[in-house]
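In: predicted coordinates and the sequence they were generated for:
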Amino acid sequence: MKHVRALECTRCGETYDPDQLRYTCANHPGVGGILEVTYDYDVIQERFDEPLDGRIENQWKYRAFLPVADDAEPVTLQEGGTALHDAPRLSEALGVDTRIKDDGRNPTGVLKDRATSVSVTKAAHAGREVVTCASTGNAAASLAGYAARGGLDCRLFVPNDTPKEKLAQPLVYGADVLAVRGSYDEAYDLSMEVTDEYGWYNRNAAINPFQVEGKRTVGHELAEQTQADVPDWLVFSMGDGCTIAGGWKGFREFYDLGYVDDTPKLLGVQAEGARAIHDAFHAHDSSDDVAATVADSIAVGRPRNTVKATRALHESGGTSVVVSDAEILHAEQTLGSTEGLYAEPAGATPIAGIQSALAEGIIDDDESVLAVVTGSGLKDTESAMAAAGSPTEIQPELSEVRRRYRVDD
């Protein structure tokens, strides 16, 4: 990997050989020393010869930027290349010009597929036979799908209250799913103990430095897709902090290399019951370690990538907000009813964040906004029903339809 310089600790700056599997810095216990992948951009520019014409079949268009060996065969399900939608009816409802990047259209229904493709590619190339992670559901489904594609065994640790739709996916993909009687953070800690015990390849995005690098491709795509009209604000929901950090890194790289002329400000959005990154960014007192929100994909009490996420917010000149579960569910229904886009609660959280930021005067109504939907609504139909309500039961008689639609008998 001549284009990859090193793994660099975000806390102390210690560097490590990127060809060796290392999750965190040796100078800090636990997950204190999160690593950053650094690159030789002269080499990347020599290798990157793709036209930036908006035609993106999948994320491997940006292979020159990805930290995989030249002879590695990608484990891919054609992730990336997701559509960027104009959203005129949503814009009218919100009161601000809004576009949507729908990453719920990825192969397993979630943006995380971008990262998983990279990590499973690296695991397979390194000859690893077992991959693992802790997850609130989406990463588990993603890893299981790509493990099946790559012919690897997959062993997963999820909280036992994970939505059943998210458990069905990895089970269908043939993974061994262990439902931990506890929180996501407890499942995470157990997955790390298991990694140390058995040496399985761990996909956990918070500590596997190559995971964030896969998520960069959503930033690359957004930069390419908006190069003629870069939005004022780019909006992500935040859980562990990996997605917003990766998205910003990718967009900023294209700016630094001269592929786009501007960068957006970031708006990070968290649920009130899982707001640790928001509190860190605004220097508030630490929140409760136990996360509680309907948006299970961002229900993280102890985010491991707070440093990268808050750094991205600062570098972009952006900020963060928190929203209630009620606002998240309302946003899910609003997005669906105005634009026909079906998002899980975490995927709709950016819409709630835009509403909050407008109300707080953070976003001006003459600015433009682009929100990234990170997961499909098919991931959590129970929450969707809570957002939209239940069907109306009627008798099989025309008179009942007439009464409902105010048509006289």
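Out: Great, that's in hand.

In: so where's the protein uncertain?
Out: Along the chain, segments meeting pLDDT under 70 span 286-288, 407-409.

In: what ranges does it have for its helices?
Out: Using DSSP state H, the helices of the chain run over 41-47, 88-94, 113-125, 138-150, 164-172, 184-198, 209-225, 242-256, 276-281, 306-316, 325-339, 345-360, 381-388, 398-404.

In: in TSV: those helices, plus mean neighbour count and distance to residue 270.
Out: Glycine gets a C-beta too; all of them are placed from N, C-alpha and C. Listed next are those as TSV, based on neighbours: other CB atoms under 10 Å; distance: least, CB to CB, whole Å:
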stretch	mean neighbour count	distance to residue 270
helix 41-47	14	32
helix 88-94	17	19
helix 113-125	27	20
helix 138-150	28	16
helix 164-172	18	20
helix 184-198	18	14
helix 209-225	26	17
helix 242-256	25	10
helix 276-281	22	5
helix 306-316	21	10
helix 325-339	21	10
helix 345-360	27	8
helix 381-388	17	17
helix 398-404	12	40
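
In: save those as a markdown table, and put in distance to residue 368 too.
Out: Formatted as a markdown table, those follow (distance: least, CB to CB, whole Å):
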| stretch | distance to residue 368 |
| --- | --- |
| helix 41-47 | 28 |
| helix 88-94 | 9 |
| helix 113-125 | 24 |
| helix 138-150 | 28 |
| helix 164-172 | 33 |
| helix 184-198 | 34 |
| helix 209-225 | 13 |
| helix 242-256 | 15 |
| helix 276-281 | 23 |
| helix 306-316 | 15 |
| helix 325-339 | 16 |
| helix 345-360 | 11 |
| helix 381-388 | 26 |
| helix 398-404 | 40 |
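
In: residue contacts, the residue positioned nearest the centre of the chain?
Out: Closest residue to the average C-alpha location of the chain: residue 243 at 4.3 Å, with CA atoms, centre = their mean. Contacts for residue 243 were tallied using CB atoms under 8 Å, 6 or more residues apart in numbering; they are 111, 112, 215, 218, 236, 237, 372, 374.

In: for residue 200, what are its contacts?
Out: Residues in contact with residue 200 (CB under 8 Å, 6+ apart) are 128, 130, 131, 132, 155, 194.

In: just the buried positions in stretch 252-270, please.
Out: Buried residues in stretch 252-270, counting neighbours by 16 or more other CB atoms under 10 Å, are found at 252-255, 259-260, 263-270.

In: quick one: end-to-end distance for stretch 127-140.
Out: Distance across stretch 127-140, first residue to last, is 21 Å (CA to CA, to the nearest Å).

In: and the furthest pair within the buried residues of stretch 252-270?
Out: Spanning the widest gap among these are 259 and 270, at 30.3 Å by CB to CB.

In: apart from its neighbours in sequence, what residue is nearest residue 269?
Out: Leaving out its chain neighbours, the residue that sits closest to residue 269 by CB to CB, 6 or more residues apart in numbering is residue 353, at 3.0 Å.

In: ok, the one you found touching residue 266?
Out: No. In this structure residue 353 lies outside contact range of residue 266 using CB atoms under 8 Å: 10.9 Å.

In: need the residues touching each of these two.
Out: residue 235.

In: thought residue 234 was touching residue 251, still the case?
Out: Yes. In this structure, residue 251 is within contact of residue 234 by CB under 8 Å, at 7.1 Å.

In: now for the two: what residues contact both?
Out: Shared contacts of residue 251 and residue 234 (CB under 8 Å, 6+ apart): 222, 264.

In: show me the contacts for the residue nearest to residue 269.
Out: Residue 353 makes contacts with 235, 237, 267, 268, 269, 321, 323, 371, as judged by CB under 8 Å, 6+ apart.

In: give me the neighbour count for the first one.
Out: Spelled out, that is residue 235. Residue neighbour count, defined by other CB atoms under 10 Å, stands at 29 for residue 235.

In: is it in a bridge, and if so with what?
Out: Counting by DSSP bridges, residue 235 forms beta bridges with residue 267, residue 371.

In: list the residues that contact it.
Out: When contacts are counted by CB under 8 Å, 6+ apart, residue 235 touches 266, 267, 268, 269, 350, 353, 354, 369, 370, 371, 372.

In: measure residue 192 to residue 186 for me?
Out: 11 Å (CB to CB, to the nearest Å).

In: ok, residue 55 next?
Out: For residue 55, the distance to residue 186 - CB to CB - is 44 Å.

In: distance check, residue 56 against residue 77.
Out: As judged by CB to CB, residue 56 and residue 77 stand 15 Å apart.

In: of the two, who's got more company?
Out: Ranked by neighbour count (other CB under 10 Å), residue 56 and residue 77 place residue 56 first, with 21 against 16.

In: the residue nearest to the more buried one when sequence neighbours are not counted: neighbour count?
Out: Counting by CB to CB, 6+ apart, the nearest residue to residue 56 once its immediate chain neighbours are dropped is residue 81, at 4.2 Å. The number of residues packed near residue 81 is 16, by other CB under 10 Å.

In: pretty sure residue 81 is touching residue 59, no?
Out: Yes. Counting by CB under 8 Å, residue 81 touches residue 59, with 7.0 Å between them.

In: quick one on the thing from earlier: and the residue nearest to residue 56, what does it touch?
Out: Per CB under 8 Å, 6+ apart, neighbours of residue 81: 56, 57, 58, 59, 61, 221.
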